[in-house]
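Enquirer: Pasted the sequence and its predicted model underneath.
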Amino acid sequence: MRFIVRRLLLFVAALFGVSVVVFAALRILPGDVASVMAGLNSPASRVEALREQFGLNRPLVVQYADWAEGLLRGDFGTSILTGRSVTSLIAARASITFPLIVLGLLVAIMIGVPLGVAATLARSDAARTAFHVAGLIGGAIPALWGGLLLILLFARGTGLIGLFPSQGFPLDGWAAPGQAVWSLILPALTVGIIVGASLMRYTRSALGDIAGSGRIDMAMACGMTRAQAVTGVGLRLAMPQLVSVIGLTFAEMITGVMVIENLFALPGIGSGLVTDVGNRDLIAVQSELFMLAAFFLLVGLIVDLLHRALDPRLATAADATEVIA
Amino acid sequence: MWRRSEGKFALVVLGLWLFVALVSLFWTPQPLLATDGYHVWAKPSAAHWLGTDGTGADVLSWLMAGSRTNLLIVVLTVLFAGAFGLLLVAAMVARKSALAGASVVVIDALISIPTVLLALILAVPLGASITVIVVACGFGYGLNLARVARPAALLAARSSYVESALAAGASGWWTFVRHIVPNTLPVLLVQLSLSAGTAVLAESGLTYLGIGVPSGVPSWGHSLATSVKFINVYPLTVLWPGLIVTIVVVALNVFGDVLRDAADPLSNPELRRS
Amino acid sequence: KPNAGAQGGNPSTVETGGNAADIVTIGLKLAPTNLDIRNTSGSALDQVLIGNVYEGLVARDGNNQVVPSIAKSWEESKDGLTYTFHLNDNMTFSNGDALTAEDVAWSINQLIKNQYHDADSLSMVKSVAADDDKNTVTITLKTANSNLLWTLTGRPGLVFDKDATYDAKTEAIGSGPYTVAKFVANDSITLKANPRYWGSHKAKTATVVVKYLADDNAAVNALKSGDVQVLAPITENLAEPFTSDSEHYTVKAGDDTDKYVMAFNSKGKNTSDKRVRQAIRYAINHEELIASRGGADKALGGPIPSLDPGYEDLTGLYPHDEAKAKALMQEAGYSTDKPLKLTLTYANIYGTELGDQLRSQLAKIGIDLKVNVVEFSTWLQDVYTNKDYDISLVDHNESHDFYQWADPTYYYNYDNKEVQRLYAQAIAATSDDQRDELLAKAAKIVSEDAPADWLFNYRVTTAWANGVSGFPVNLNQTLLPLYNVTYTK
Amino acid sequence: MSHAPLLSARNVNKSFGRRADRRQVLFDVSADVFPGECLAVIGGSGSGKSTLTRIMLGLETADSGTVAYAGDDIRRESGLVFQDPFSSLDPRWRVGRSVAEPLRIQRRDLSRDEIDARAAAALRTVGLDPAVFLGRYPIDLSGGQAQRVAIARAIVNEPRVILADEPMSAIDVAARIQILDAFAAIRETRRETALVMVSHDLGVVRHIADRILVLHDGRVEECGSTDAVLGNPQSAYTRELIAAASL
Amino acid sequence: MSVEVRGLHVTIGGKAIVRGVDLGVADGERVGLVGSSGSGKSMMSRAIMGLLPANARVSGSIMVGDRQVVGAPDAALADLRGRYMGMVFQNPGSSLNPVMTVARQVALPLRLHYDLTKTERLDRVRAMIAKVGLPDDVLGKYPHQLSGGQQQRVGIATALITSPRFIIADEPTTALDSIVQRQIVDLLVSLVDDAGASMLFITHDFAVLARATTRCYVLDDGAIADFGDTAALLKHPTTPEAANLVSAARTLSLNASTLVAGNGDKAGGASALSAEGAGSRGETGGAHTQPPQHQ
Ligand SMILES: Nc1ncnc2c1ncn2[C@@H]1O[C@H](COP(=O)(O)OP(=O)(O)OP(=O)(O)O)[C@@H](O)[C@H]1O
Ligand SMILES: Nc1ncnc2c1ncn2[C@@H]1O[C@H](COP(=O)(O)OP(=O)(O)OP(=O)(O)O)[C@@H](O)[C@H]1O
Ligand SMILES: [Mg+2]
Ligand SMILES: [Mg+2]
């Protein structure tokens, strides 16, 4: 219990820290949204007028307080450039990015965990080597390149075996769920295969450690076959570790996702962020960055709590340091 | 190391990398800066073994020169991550439980922030630069390193040999440098080699997003990013940097595994011969 | 004969029959961030909204000539100070409101009063008055301005509904053949035929979707896979698979007013030395640059492109001549052994290739060019606003923009009294010939002074699937009337 | 055996944990160690044996009570031997380096050669041939050998007190004899050295101890000479302990 | 159930760990296996259970009842394990599943081998937990919430829940203090005897050996160095390896007489005291396969 309270306090503190860092960092950027809006060939007076209109001339502390106060109310402000509420902006983009991440993760888990188990169970050296090499190569492919290869292979219209659309998101978005999912398949496969390969290695090493720990022996002595013991007992024991790994992977996937979004022309958070930074739409950018950071902090928090829930030994420990590993 | 086939592979690839990076400082098949607008996207020829890119520059020369940038990035990132990670490990195994507890929780919180977010924020004041890659990756991987190394480090920190050393009057620092680090080294080596590989991958991703290596600086990510859009027209030009990155990353990962086994007296009986 | 260029640019003569698709998807590159055409700069808005959603008092055709639009005709007083526009009858906005002279006058007056984008191009306007009974609008000027009509074809002449209230950033209510049905920032705009459209440019296709494909590869894949039927622009080098597949695709480059202006800071520490500037102009091999880009672009020796008044082929002024360039550098005190360090700053939207090529070409004459590719907003701040740069590179795609060279406060820092005088005369000219002559004269002086090098006149390459007709090829990055577009499978 | 204790603990109390988890593991424990004697600390698992020795050595601080040492700095004049021979030797250090570590920490005045010589001598004392063992790694030692290396490490700086916390429960019977022989050899050569040995193996204790301290649930159950405690146990708990050990 | 090991060889990574072992446990017999660390005792037990690591090469024969273990498919072995064979591990802390409650842990072999309702299962588990002397409230606890002695009892309960006919106990008491150690040994012996099962007891503690077994083998470096009646062997070891171990044990025992008197209260080992008990030793190599005369 004390742990949870402490972890929550830390979460809040981290959120505050992130908000300050994000806000401050963005103010160092040269140029502002007013000059972007005015563009070439507008007189300076117009830029100044726009600045005044958007409140960009107020002291930074006031601007921060204004923003932070909005955040507390759950109001992320209004994007100056697009005129839309940042909340709806983020929601629209997140409705592409998060399904993509989740799909990618599903692919990764579906590839990584069974292969990891298979690699653990493999009895012949040749099979083990094959899994090893596959895992190594899969995890070493740059997302950008892997995506291109998949496009070359499977993109509808251009690929060798045209199956899936390779760019864009259906205009109707999730109103047409079939199409929406369809357009996310290649991107999700790209992220999923790469992440799945490393997940496979994690699964294998976690299972390997457990297989040597006597718990598998015990289960087998009770009458399980090796396969049963590894999938039943081993996976369950590896779960806390795997949850942590997946949590981290989740966060790290966003890099690949940003690249992939650009490559597949998906108007998600990744591609949106880059444009917004370019346009100096700082209110939108700071809220988006803050939201993303908050989201990943939240994932971290959930993973930590889940980790504890999954391991009864941790559930009663006051401090993670008390239990090794 | 050499005796195992994967060790051979890793050493050959990494050796070649180092060699090419050094050579590229003095010599490339074509001058790096030479562009030729009349011969863009040329097919491989005697003068241009891998053809030319969109400016008519020699692809091979850029890849060779790119190897030194990537080497620099990898070395700096690994050093940064290693130093930062070790610092965190030191904090986590500190005998002051407040420091240890706080560092664990802080790491757990920070580790969930993706590298690319950090890079995006860093790129704000710094612009696209190698520094962005090194600092963002180094920071993220350092956190990762600390987290992964924690069990081994804690095991060592609470071991009787550390107790014995402490009982004999050793300082905490002595035990950290002489006992805890060497006994965490296998994990550190593997993790650092993973970080090195990830840094190569991150370079290509961040450069593609425009927050990595600045224009005009040769790097594999640069070669990849500039040729990517021509994949339908000139697929070979995209093939090379991607292939190089993949092979190098595999080699780095394998290198870590093999190095761990080869450099650790526990797993390498050779080293135990007196 | 409005939009002759658009028609002329399309070789496909397939008649649209019953099997014409009721939806055409078009892939463009630069996306607008919002729809507020009165406040937000950027040609992406002009491209998609003008002539499609909003209409101007007058319009432009594919040859950059002024043609009627909301005004069916106009008269100009002898002294060039009064313009009377006669409007069409029974015009309506897409919301059903009638479009009257009142709306026209209100729109222009608001622009001037609120200093909306481009308001300063109407600084010579004294008053705008509507006569609803006669259905006319009268514009009175303080000084004669030969550019007024052309100016009114752009944003300053757009007519908005005085009585409508809507969020201009996300919605648009105009009088054009299309309405905006859906707008996803940075992604797409869905245009639906305006059922209340009053004029002769009735939409031939019910729905036109404009997709913004920032990534070139995604764009090519989109056309290949049939997700879009038209791509404009497409990088010439990337069009190869379409060029070679003429059975299914058509690729064509159109004329445009895009000038890749490589400006030398005329007050810069090193670039204030005319010899250096001239040396750079001699050193640059334009032909090679154009060749590397696929060969569609046109060489441009001065500030005025062929579609603009005052054009004259000035490419002979600074031919590629490395020896001469070297000699000039030598005079200025530099050589390959003792190179001059200069920084080229430009926005990342133009890709890194140009920078690499320029560095390579300039290295030969003793210039060590550092290429600094930045975000557009950074460029705006450092170069455009603070004029803190050595060399800059921008695609100035505006038309009729010679004024930049006559304005010493513009970021070029170019200050030539003779040019300023000639330009003022050209503007005050009451005949087009006189105006063109004066502009040509001024342009030549500018080019000789070498305050910049005009790398080339960028010509936009458009690729479309055969079966598409009516898509304008000329000027389509600023002016893209879509009413004529159809797609027959 | 002199009458002034070399090391003495008085009324030591010790608790672990905080708030609700707080648990006292030592209650008013007093113990004396005299020069040259061997004191055995026995008791069930978790009775506080290790904690007591750690407090006496200064590795842990008592909540209340005093620990007095009749010398300068107990850390520099004591040696520590742990139960598990392998975990108490750094697996990545050669034996020679491990044995010499206390010297390298404490005796900055010694030259490298002197340090090596002393480490070799310590190994010889515990019956290991330096030529063979100095260069080995712990993984290549048998349990008995490893434990003797750990003892060599504990005695290398000629401590006045050796604390051995269950030094032989993890090795087989034959190896235990070797360890006992090693201890005997040390007591032979350095008669002043006191030995505190924690153990629950009464056979071993009977073999080596002069006096026995019995701990039970953190309290001193009884304390007396070996013969007295084993032959005529005063408390019920001690009797039970002896009976169980006799099987 | 009887166990017959014939000419067993186990090689791991080219290293011979078990080298030609013949060993037999008759129905209802309690047999000991002693030997110094690393002599291959655990490897023997793993071989019999069919739990050898994947890279181990096995040859020879191991008959459990009438079934051959060597070379049997994993599924067949799984059917054997937990149903007919049970195993008590040395270190309960690292073998009990940390995410299973005691009840689930103990019920595992039942779940795997018998089709019982939940309540039936729980009843049996409860009875078994009571038999090993644990209070009812441990059922819902996790292993880390139990003491070492309690954990070991859970391990024993798990091994015995299906009333297997053959039990292997691999150093089940080394991690425990002497009082608990004694309780555990007695418990194991009584339970095995009550069930009429046979047991192979691995230890290197002679006091424990004498208490728990009637006959024993001495393993040295992967081969049987000596075997025979426990009491006799302890009194008169014939081979040097055995003698070495026994003399060391004797030196360190609290009082020499208890060592041989050990087999004590339960198994009527008093006879072991007599020197004649050793009489059966020295006979043919096959003698040890014969069922002992059990009282
Ligand atoms: N660092 C610690 N934190 C919390 N409790 C501790 C700590 N160290 C020891 N204890 C507790 O103190 C009690 C006494 O521990 P100690 O190690 O002294 O026992 P012991 O007599 O040495 O037992 P054993 O024979 O098992 O080694 C035990 O219950 C133990 O759980
Ligand atoms: N997985 C393995 N791979 C290779 N060698 C092994 C493996 N497991 C054990 N060994 C070796 O096999 C030999 C016998 O080991 P085993 O565990 O059977 O010994 P033991 O008699 O049970 O010893 P202890 O009393 O210490 O438990 C040892 O030399 C050990 O090093
Ligand atoms: Mg202890
Ligand atoms: Mg064993």
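Expert: Nice, thanks for sending it over. Numbering: from 1, shown residues only, chains lettered A, B, ... in the order given. Ligands and ions are numbered 1, 2, ... in the order given.

Enquirer: For the rest of this, base every contact and every neighbour count on C-alpha atoms.
Expert: Will do.

Enquirer: Find the residue at the geometric middle of chain D.
Expert: The residue lying closest to the centre of chain D (CA atoms, centre = their mean) is residue D:164, at 1.4 Å.

Enquirer: Quick check: that one is in a strand.
Expert: Yes. When DSSP: H, G, I helix; E, B strand; the rest coil is applied, residue D:164 is found to be in a strand.

Enquirer: is ligand 1 contacted by the helix or strand hosting residue D:13?
Expert: Assessed by DSSP states H and E, residue D:13 sits inside strand D:7-16. Yes. Strand D:7-16 is in contact with ligand 1 by CA under 6 Å from any ligand atom, via residue D:16.

Enquirer: Tell me the first helix or strand C-terminal of that strand.
Expert: Per DSSP H and E, strand D:7-16 leads on to strand D:23-33 as the next helix or strand towards the C-terminus.

Enquirer: Do a quick rundown of the strands in the stretch 51-200 of chain C.
Expert: Along the stretch 51-200 of chain C, the segments classed as strands by DSSP state E, counting those that start in this stretch run C:58-60, C:66-68, C:71-76, C:82-87, C:91-92, C:98-99, C:125-131, C:136-141, C:178-184, C:188-193.

Enquirer: Save those as CSV, and put in mean neighbour count and mean pLDDT too.
Expert: Converted to CSV, these look like this (neighbours: other CA atoms under 10 Å in any protein chain shown; pLDDT from 0 to 100):
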stretch, mean neighbour count, mean pLDDT
strand C:58-60, 24, 94
strand C:66-68, 19, 95
strand C:71-76, 16, 94
strand C:82-87, 21, 95
strand C:91-92, 18, 94
strand C:98-99, 20, 94
strand C:125-131, 17, 94
strand C:136-141, 21, 95
strand C:178-184, 23, 93
strand C:188-193, 23, 95
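
Enquirer: Mind putting these into CSV with distance to residue E:21?
Expert: Listed next are these as CSV, based on distance: least, CA to CA, whole Å:
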stretch, distance to residue E:21
strand C:58-60, 102
strand C:66-68, 106
strand C:71-76, 110
strand C:82-87, 112
strand C:91-92, 104
strand C:98-99, 106
strand C:125-131, 112
strand C:136-141, 114
strand C:178-184, 78
strand C:188-193, 79
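
Enquirer: who wins for proximity to residue E:252 among these?
Expert: Closest to residue E:252 of the strands of the stretch 51-200 of chain C is strand C:178-184 (CA to CA; 86.1 Å).

Enquirer: How much space separates residue C:326 from residue C:451?
Expert: Computed as CA to CA, to the nearest Å, the residue C:326 to residue C:451 distance reads 18 Å.

Enquirer: same thing with residue D:87?
Expert: Residue D:87 is 78 Å from residue C:451, where distance means CA to CA.

Enquirer: and those two? which has more neighbours close in?
Expert: Taking neighbours as other CA atoms under 10 Å in any protein chain shown, residue D:87 and residue C:451 compare with residue C:451 leading, 26 against 18.

Enquirer: Lowest mean pLDDT among the helices and strands of the chain, which one is it?
Expert: If you meant another chain, say so; for now it's chain A. Ranked by mean pLDDT, DSSP states H and E, the helix or strand of chain A with the weakest confidence is helix A:312-315, at a mean of 71.

Enquirer: that's the wrong chain, I wanted chain E
Expert: helix E:270-273 (a mean of 33).

Enquirer: quick one: contacts for the residue nearest to residue C:309 when sequence neighbours are not counted?
Expert: Nearest non-adjacent residue to residue C:309, counting by CA to CA, 6 or more residues apart in numbering or on different chains: residue C:436, 5.3 Å away. Taking CA atoms under 8 Å, 6 or more residues apart in numbering or on different chains, we find residue C:436 in contact with C:309-311, C:426.

Enquirer: count of neighbours near residue A:289?
Expert: Residue A:289: 21 surrounding residues under other CA under 10 Å.

Enquirer: what sits against it?
Expert: Per CA under 8 Å, 6+ apart, neighbours of residue A:289: A:22, B:117.

Enquirer: mind checking the SS state of it?
Expert: Applying three-state DSSP: residue A:289 is helix.

Enquirer: And the strands in chain D?
Expert: D:7-16, D:23-33, D:38-43, D:64-69, D:78-81, D:161-165, D:194-198, D:211-216, D:219-225 (DSSP state E).

Enquirer: can I get these in TSV with mean pLDDT and distance to residue E:8?
Expert: Compiled in TSV, those are given as follows (pLDDT from 0 to 100; distance: least, CA to CA, whole Å):
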stretch	mean pLDDT	distance to residue E:8
strand D:7-16	91	51
strand D:23-33	91	50
strand D:38-43	92	42
strand D:64-69	91	58
strand D:78-81	88	40
strand D:161-165	90	40
strand D:194-198	92	41
strand D:211-216	93	47
strand D:219-225	91	51
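
Enquirer: Count the neighbours of the residue in chain A positioned nearest to chain C for me.
Expert: Closest to chain C within chain A is residue A:157: 3.6 Å, counting by CA to the nearest CA. Residue A:157 has 21 neighbouring residues, counting by other CA under 10 Å.

Enquirer: isn't it right up against residue C:224?
Expert: Yes. Between residue A:157 and residue C:224 there is a contact at 5.6 Å, judged by CA atoms under 8 Å.

Enquirer: Could you check how far residue E:235 is from chain B?
Expert: To chain B, residue E:235 is 39 Å away according to CA to the nearest CA, to the nearest Å.

Enquirer: residues in contact with residue D:207?
Expert: Counting by CA under 8 Å, 6+ apart, residue D:207 makes contact with residue E:252.

Enquirer: Mark out where each domain of chain D begins and ends.
Expert: In terms of domains, chain D is parsed into D:1-77+D:161-185+D:192-247, D:89-158 (source: automatic domain parsing).

Enquirer: Among those, show me which one is buried the most.
Expert: Neighbour counts (mean count of other CA atoms under 10 Å in any protein chain shown) averaged over each of these peak at domain D:89-158, with a mean of 21.

Enquirer: So for residue B:99, what's the pLDDT?
Expert: Residue B:99 is assigned a predicted lDDT (pLDDT) of 83.
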